[in-house]
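**Student:** I need the structure of the sequence given here:
(3 chains, ligands or ions: 3)
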Amino acid sequence: MADAASGEKTSVTITVDGREIEAKPGEMIIAAAERHGVYIPRFCYHPRMRPVGMCRMCLVEVVGPRGPMLSPACFVPVADGQVVNTETPGVKKAQDGVLEFLLANHPLDCPVCDKGGECPLQDQTFAFGPGETRFVEEKRHWEKPISLSALVQLDRERCIQCDRCTRFADEVAGDALIEFVGRGAEIEINTFPDEPFSSYFSGNTVQICPVGALLAAPYRFRARPWDLEQVESTCQACAFGCRIAVQSSNDKLTRYLGLDSDPVNHGWLCDKGRFSYEAVNSALRLGHPLVRSGSSLAAASWSEALDAAAQGLSDARTTFGAESVAVIGGARLANEDAYAWAKLAKGVLGTDSVDCQLGDGLPPEVVVGLPRATIDEACSASSVVLLAPDIKEALPVLYLRLRAAAVDGKTKIIELSPCSTGLTRYAAAVVGYAPGEAAAAARALAGAEPAGGNDAVEAARAMLGDRPVVVLGRPSVAESAQSIVEAAGVLAQLPGVRFLSALRRGNVHGAIDAGLAPGLLPGRVSLNSAGDWFSRHWGSVPATAGLDTAGILAAAAAGNVHGLVLLGADPLSDFPDQQLARRALERASFVVAVDTFLNDSVQHADVVLPAATFAERPGTTTNIEGRITRLGQKITAPEVAWPDWMIAVELAARLEADLGFFSMEEISEEMERLAPAFAGVTSELLASRPYRDGVVIPLREFPSPTRPTTVDSTADPMSTPGVLHADDQGPTEPVPAADDEGDEVEVSPSEVPGSDGGANRPPLLEWDGRVEPVTLPKPDAYALRLVVGRKLYDRGVLVQMSPALAPLAAPPVLRAHPSDLDRLGVKSGGQVRLRSARLSATIEVQADPHQRRGTASVPYNVPGLDTGALLRADEPVTEIAIETL
Amino acid sequence: MAGLSKENLERARQTIALYPQARSAMLPLLHIVQEQEGYLTEEGMAQVADLLDLSPAEVYGTATFYDMLFTHPVGTYLLSVCTNIACLLNGGYELLEHAEKRLGVKAGGTTADGRFTLEEVECIGLCGNAPCLTANWRFFGDLTADSFDTLVDDLGAGRLSETVPRHGTLCRVRRSVGLTAAGPKGEQAKPPPEEAAAPASEAPQSVAPGTHDQPPSREGAEKAAKQASEVPKTGDTASDQGSGRRK
Amino acid sequence: MATSVDPIVTRNIGNPESWTLRSYLDHGGYEGLRRALKMSPEEVQSEVDKANLLGRGGAGFPAGRKWSMLRKASPSYLVVNGDESEPATFKDHMLMEEDPHQIIEGTLITAYAIGAAQAFIYVRGEFALGIERMTSALNEAYAHGAVGHRIFDSDFSIDVVIHPGAGAYICGDETALLESLEGKRGFPRIKPPYFPAVMGLYGAPTIVNNVETMSNVPWIILNGGEAFAAMGEAQATGTRLFAVSGHVVKPGNYEVELAKNTFRDLIYDPRYGAGIRGGNQLKAFIPGGASSFWFGPERLDMPLDETKVKGEGGSMMGSGSVIAMDENMCMVRASWRLVRFFQRESCGQCTPCREGSSWLEKIMRRIENGAGRTDDLDLLLDVCDNISPGVQWPSKWPPNMTTICPLGPSIPPPIVSAIGMFRDEFLVHIKEGACPYG
Ligand SMILES: Cc1cc2nc3c(=O)[nH]c(=O)nc-3n(C[C@H](O)[C@H](O)[C@H](O)COP(=O)(O)O)c2cc1C
Ligand code: SF4
Ligand code: FES
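**Tutor:** Ligands and ions are numbered 1, 2, ... in the order given. Down below sits the predicted model:
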């Protein structure tokens, strides 16, 4: 077959075991055969890594000019007319031989091995191997196991030297911290002495290890594979949306495994996501409603608590008006939960002061109203402009994808940043800027201002290409969103530009799309343009746009918020002005918290409603590119915790309103019908096998919005033992009969918004690009402008409630340019005093030549520094001074 | 260790400059560290990693592949006795046994005084003069028990200190020019003047200062140079010609 | 009876201070390079082609043909393989110590012929004196204007780097050598691509040639490819340097005309090996390095011609090392020691080689130490078969393999040969529980 346009071959035909199959030019025999149902055994081959052909398990006969030759199927590419035999006696003997060799030194401690029961070596020995051993010699001995890091242990006796973990660390993660050490039979995997394998991605090595050599410390000895039940889901530790298999035993989560979603995570997870199941299992989870009595919170029944909550909110509304009620939070929720809450807040309570972001993101009209790019589009664009937080810390697997694109040389990364980030190493150009001045940098890059002889800017400009993708988020929470918005407005003028959001919190994009944002209604429409439509269907909506979180907190601090709902929100630690948040919570007269933990902010609540969370309820979630995927339910919520949507329904009922749905299923039907961006996104579509990777909304906007998945989520079956397919999505979703061909789900054009059959749905919001320019204070020669970014491991509940992760949250380090340190007489590596108008603290200082002169970076919300207490929500930038102690 | 000496750091930089990609300088740099420290210290490996923009684990993983590179201390004199086929046929194992007795350590061990490390090695390419060994990679062939003892005595007494440099020193001749093919620009890569100063034709075997216990005088350098160009001898026991010389 | 031709690669050896530039120039040094620079690169290549100079590193691929396979892309590199670590092979060692200028001259001519951007000479790390002499020679050559910018005032410029190895036999394999030269572990590269000429150093087209191969080049340019091809026969042209060792009276390196001479000449001719020591009988000899199948005395008259050694003999001349073993040698011990060599030198990538070599070594050691079992011989042969499927006695060339590089299939030959030729000796070990040779 040939592509008519290019004349290039798009497929070749090879013969495997006498059967002709179609294969893609350049792919390896092992992959082509597998797609056609011929499984060639293997250990070292991994479809997402460079083949190395080391284990020799995949030997097959390829007929060549000199007759059939044993060749590694993982390394030999297909060729037209090639004849491959996988089952001849010669192949069988070679494979048996390799297995026998592997077992020669492999300990037979399967009964005490975590991998026992799901071990490819065990399975293949069972399936193909010899019944008894001819190896009577003494086996190799190593100390067992050793710790490679806090999370990963290694039993070197079990290692079969397949190079998977080391290749992953070097090639995929870019953290070449584990290596083959020694030679020949003495080869072991190890780290440099005393330098642990502290990679954000270390857990992947455990998952892809084909034997029980690499072990996850939190999982070790916790479960037997045959006791595990599992369901497919989407990780909620950040907004990237990695597909995972959630596994449980005895109604407790035991493990997450990365699934291979071709458009998203390629099978990888970060360690925070992978081990955050511990937080779900935490004994500190909220299981009972609580109602304030005096200075303490006391256990109450659901009806007592709901009555109290409804009473408080309704009092506020009747006494002070709907504007005195506000809702903060929602990124923890599933899309359906968020929709229910949006309907409750805007349709029932009548307030538009609803914000799922915590002052650390961007205005919702900017997030949804710019032309959007998918992750794949970003990773195949000729250039990617980063105007975002450190992607490695915020969206770790996006970091892997972008890094891979840069290392491949296909994509040039242009970083606009005041400091170094995880991607700086891979950036083709770095355009530095001082906090608050992002717009000027953007203008220089876009050519709106002369580059002024700045080589970096000139170079970056030359790399832009014709369809750049901008990864957009808040590089620093110590710099106002306004300045980033201004810069985004400039970049939006680049020809062909598209944007990929870098907001990081869980389902923040789903929450915005569901309407948990001021000025917006569900389905990416504005209150202005869609008010009528929703009034018609909901009964009423607020007349004017409400406040964002900063506005709500300011109003509360001024005594103007009388009913505040914290919907899985902890403004005291997340809002970048701790003092304001504290005053707000203290002065808000009535606070309802819907949460999973009794965090600092929840302690201020009058009513606490315990929510079910990840893996405890079904639903859907939306990632940074607008991809909707399904969440799986695997365990029951602690005690009497409820799903958030149900809390909304019951609260509404007590406010004498009927939300009109009694199940998730009904909510999703209503969303599909009413919320324009969700048009066509039916549960049947999402449940169908070709769309197991979800769909990007709105369905019409992308060249191939509903591109059926081409890669099996078990692309590397060895690392996802027992995971068969997406149909196993949890009990509450309808599962269509899944035969291989017949489950193509048609998306009818009449369901697509804006088209004829669209029933006059309101148009999707487009951002008008209007910005108010920021005025900055005059720079102070002795002050350093602050850059504040988040770390992967911080003081958030997910990390702190996961015993394996909590110790990884590192103490803060202040980074500044060496010349600034010299100027101030401060030594790199020592402790300094950091002073601002609001706070004085001691902190370790490090020189970093990538840090822009005149600026300093500190991390947000890590143990040892209350960064939030340094910042003021109403200041465009924050300045600090540092002094030697 | 306080890292590579200033001179060795300069050598390392010049070595890196010889290659289109820095990582290629890995083995030469590791030889420099070993020459200075006697073995590959962690600090030394970390410094090489730094110079080559690699992780220390990459350097460590690479170093441990190679037999000549030691990540643990070895004696001042590394005696490597060959027992491979040609030596086997000519008494290599008997020589090794004798060496173990004489030094009081098993192959792989180091004498208590830290002077000698004995190891059994694969063919060292002196098969025409089997049985044979290398002492810090200087060849000694046609050995007998007696000539082995003489060799150990001489080494121990420092009598061979110029023909058998102290531990680790692989090569006492320095490259005298950098890359020049690209023309005059390339010539800037010339090593420090003291080495370039000795015209290659006059002192072809120029021995760099700092590799001997005492910095050699000009005269000493010439003498050392001459010796370096000769095959080391131990009395009349060693091979009397270049290694593998028989024709 | 051995023929007598003037030596090529060893012609300077024995000259006083043969390794110095002065001595080299006194004996016509760098004239080949001067002549080559007056020819076009194609003409140089065609002379070497006419000579039918087979690579001397072991694989025996014609050098001229290899050069012509160089993928046309810039940059391309020349890498000279001086890693010689094959047991009982010590010819390159001698060439590097005694006549380094000849290698450098050959390297420069080759670099010119193939248009290389830079040349590297990878010298086995343990050859300290060789590295010193090669480095000195290079320094001299630079000073002489033979290397570097505009060589001998021609338009040709090239830099040469002497690169020390660090002790790993496998780095002799050209692809492992390239990895090592890139500063990595010496893991042989998996094929395809089959040739470094397509994808070599840093992914660029690269020619890898052996030190002895390079040493022949200046002579060929000076005397013409036809003169070279006039020596020897058909596919075995010119002379070759053989390393003769073991139980011969005069072990050493001997350059002899190919095809016209036999293994008997190498072992028995008084100018060469001069016979077996102590008047003993030859029991067996290894015709081409540790990886080759052994020959018994009945093969002594086999000519030194790779095609015949492979075709009729089922073995190979490989690295050109001939090891003679006399009647008093225990064949179990000899083959165990070679297996142990491969076990210690396996790079460890491929399961069959890494695990197989260790396993085989353990079984062989057990037999030699008297703890053998009756079914051990079948086990040995079957394990060998799992590394090199179809391996058999009498042997057949080429071997099949389940591994990435030819080291894997190099493990069986000593075992299969020893069992094939001396099965009784193994059985005595097993029955008597001890080595009859003590
Ligand atoms: C395990 C192994 C070891 C080898 N060792 C050497 C060696 O020490 N020297 C060498 O020149 N070639 C060696 N070779 C052969 C090289 O791969 C390569 O064929 C040769 O250097 C090419 O040069 P030539 O064509 O001039 O012979 C070895 C090959 C293998 C598989
Ligand atoms: S055959 Fe042996 S030496 Fe060759 S690549 Fe495989 S493991 Fe390494
Ligand atoms: S060699 Fe092909 S899977 Fe390992």
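
**Student:** Which residue, other than its chain neighbours, is closest to residue 20?
**Tutor:** Reading this off chain A. With Cβ to Cβ, 6 or more residues apart in numbering or on different chains as the criterion, A:E20 has its nearest non-adjacent residue at 5.5 Å, and that residue is A:T13. The way it works is simple: take the backbone N, C-alpha and C, and place the C-beta from them, glycine included.

**Student:** think we crossed wires, I meant chain B
**Tutor:** The spatially closest residue to B:P20, leaving aside those adjacent along the chain, is C:Y202, at 6.2 Å (Cβ to Cβ, 6+ apart).

**Student:** same question, A:E304
**Tutor:** Using Cβ to Cβ, 6+ apart and skipping residues adjacent in sequence, the residue nearest A:E304 is A:V291, 6.1 Å away.

**Student:** hang on, isn't B:S176 packed against C:N139?
**Tutor:** Yes. B:S176 lies in contact with C:N139 (Cβ atoms under 8 Å); the separation is 4.4 Å.

**Student:** These two: which has the busier surroundings?
**Tutor:** Comparing B:S176 with C:N139 by other Cβ atoms under 10 Å in any protein chain shown, the one with more neighbours is C:N139, at 28 against 23.

**Student:** all strands of the stretch 601-750 of chain A, in order?
**Tutor:** Ranges of strands in the stretch 601-750 of chain A, per DSSP state E, counting those that start in this stretch, are A:607-610, A:619-622, A:627-631, A:695-696.

**Student:** I'd like those as a markdown table, with mean pLDDT, distance to chain C and mean neighbour count appended.
**Tutor:** Formatted as a markdown table, these follow (pLDDT from 0 to 100; distance: least, Cβ to the nearest Cβ, whole Å; neighbours: other Cβ atoms under 10 Å in any protein chain shown):
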| stretch | mean pLDDT | distance to chain C | mean neighbour count |
| --- | --- | --- | --- |
| strand A:607-610 | 98 | 53 | 26 |
| strand A:619-622 | 97 | 41 | 27 |
| strand A:627-631 | 96 | 36 | 25 |
| strand A:695-696 | 93 | 37 | 24 |
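
**Student:** out of the ones you listed, nearest to chain B?
**Tutor:** Nearest of the strands of the stretch 601-750 of chain A to chain B, taken as Cβ to the nearest Cβ: strand A:627-631 at 34.1 Å.

**Student:** give me the element the residue nearest to A:E304 is part of.
**Tutor:** For A:V291, the enclosing helix or strand under DSSP states H and E is strand A:290-293.

**Student:** Give me the buried positions along that strand.
**Tutor:** Neighbour-count burial for strand A:290-293, counted by 16 or more other Cβ atoms under 10 Å in any protein chain shown, picks out A:290-292.

**Student:** other SSEs contacting it?
**Tutor:** In terms of contacts (3 or more Cβ pairs under 8 Å, 6 or more residues apart in numbering or on different chains; DSSP states H and E), strand A:290-293 is packed against strand A:296-299, helix A:302-320, strand A:607-610.

**Student:** just those: most buried one?
**Tutor:** For the helices and strands packed on strand A:290-293, the largest average neighbour count (mean count of other Cβ atoms under 10 Å in any protein chain shown) is found in strand A:607-610, namely a mean of 26.

**Student:** where's A:T125 relative to ligand 1, distance?
**Tutor:** Remark: distance between A:T125 and ligand 1 (Cβ to the nearest ligand atom, to the nearest Å) = 31 Å.

**Student:** start to end distance for stretch A:832-851?
**Tutor:** 17 Å (Cα to Cα, to the nearest Å).

**Student:** Please see if it touches chain B.
**Tutor:** No. Figure legend: stretch A:832-851 not in contact with chain B (Cβ under 8 Å from any Cβ of the partner chain); closest approach 14.3 Å.

**Student:** what about that stretch, average pLDDT?
**Tutor:** The pLDDT scores in stretch A:832-851 average 92.

**Student:** From the centroid of chain C, which residue is nearest?
**Tutor:** A centroid search over chain C (Cα atoms, centre = their mean) returns C:S319, at 2.8 Å, as the residue closest to the centre.

**Student:** Three-state assignment for the residue in chain B positioned nearest to ligand 1, please.
**Tutor:** When scored by Cβ to the nearest ligand atom, chain B has B:G125 as its residue closest to ligand 1, at 9.5 Å. Of the three states, B:G125 takes coil under DSSP: H, G, I helix; E, B strand; the rest coil.

**Student:** so where's the chain shaky on pLDDT?
**Tutor:** Just so you know, I chose chain A. Counting by pLDDT under 70, chain A shows low-confidence ranges at A:1-8, A:128-131, A:451-452, A:700-710, A:724-759.

**Student:** Chain C is the one I meant
**Tutor:** Those would be C:1, if you go by pLDDT under 70 across chain C.

**Student:** which bits of it sit near ligand 1?
**Tutor:** Proximity of chain C to ligand 1, by Cβ under 6 Å from any ligand atom, involves residues C:55-59, C:61, C:63, C:81, C:83-86, C:170, C:172-174, C:208-210, C:213, C:405-407.

**Student:** what's near enough to touch B:Q21?
**Tutor:** C:182-183, C:202 (Cβ atoms under 8 Å, 6 or more residues apart in numbering or on different chains).

**Student:** for A:W226, phi and psi?
**Tutor:** With angles defined as degrees, to the nearest 10, A:W226 sits at phi -70, psi -10.

**Student:** element containing the spatially closest residue to it that is not a sequence neighbour?
**Tutor:** Leaving aside its sequence neighbours, A:W226 sits nearest to A:G117 (Cβ to Cβ, 6+ apart; 5.1 Å). Using DSSP H and E, A:G117 sits in no helix or strand.

**Student:** ok, now the one 10 residues further on?
**Tutor:** When secondary structure is defined by DSSP H and E, A:A127 falls within helix A:120-128.

**Student:** picking that back up, ok, so of the buried residues of strand A:290-293, who is nearest chain C?
**Tutor:** Nearest to chain C among the buried residues of strand A:290-293, counting by Cβ to the nearest Cβ, is A:L290 at 59.7 Å.

**Student:** Give me the distance between that closest one and ligand 3.
**Tutor:** Distance, A:L290 to ligand 3, by Cβ to the nearest ligand atom: 56 Å.

**Student:** what sits opposite that residue in the beta ladder?
**Tutor:** A:A299, A:V608 (DSSP bridges).

**Student:** Tell me the spacing between it and A:A310.
**Tutor:** Distance, A:L290 to A:A310, by Cβ to Cβ, to the nearest Å: 16 Å.

**Student:** ditto for C:V383
**Tutor:** Distance of C:V383 to A:A310, computed by Cβ to Cβ: 78 Å.

**Student:** Residue 421: neighbouring residues, count only.
**Tutor:** By default, I'm working from chain A. Residues lying near A:T421 (other Cβ under 10 Å) number 25.

**Student:** not quite, I wanted chain C
**Tutor:** Around C:M421 there are 19 other residues, counting by other Cβ under 10 Å.

**Student:** hmm, back to that, name the helices or strands packed onto the helix holding A:A127?
**Tutor:** helix A:89-104.
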